[in-house]
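J.: Got a predicted structure plus its sequence, pasted below:
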Amino acid sequence: MGKIRRYLLDMTEKNNWPVTFSIGVVTCRRHPCNIDQFLKAADDLMYSVKKSGKNMTRYKDLDA
């Protein structure tokens, strides 16, 4: 589990907030990276996490 996600989950538990995190992480190593494609890929990943049970992180490399 990533440090940021662990920190967020610790904060929600500490404050008794009923929250989970569905996160899409996208990398792009080539320049220029199309920002619209980049944001759409991250958004699509996040929604795929929500549809498959929530509270997870998915990754995609646009260069692959």
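T.: That came through fine.
J.: Give me the residues contacting the helix or strand residue 41 falls within.
T.: For residue 41, the host element (DSSP states H and E) is helix 35-51. Applying Cβ atoms under 8 Å, 6 or more residues apart in numbering, the external contacts of helix 35-51 come out as 22-26, 28, 55-60, 62. C-beta coordinates here come from the backbone N, C-alpha and C atoms, glycine included.
J.: Widest-spaced pair of these?
T.: 28 and 55 (25.5 Å; Cβ to Cβ).
J.: who's more crowded, these two?
T.: Shown here are residue 28 and residue 55; by other Cβ atoms under 10 Å, residue 28 has more neighbours (16 against 13).
J.: so what's the more buried one up against?
T.: 38, 61-63.
J.: So which residues of this protein form strands?
T.: Assigned by DSSP state E, the chain shows strands spanning 23-27, 57-61.
J.: Mean neighbour count and mean pLDDT for those strands - can I get that in CSV?
T.: Output for these, formatted as CSV (neighbours: other Cβ atoms under 10 Å; pLDDT from 0 to 100):
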stretch, mean neighbour count, mean pLDDT
strand 23-27, 17, 88
strand 57-61, 14, 89
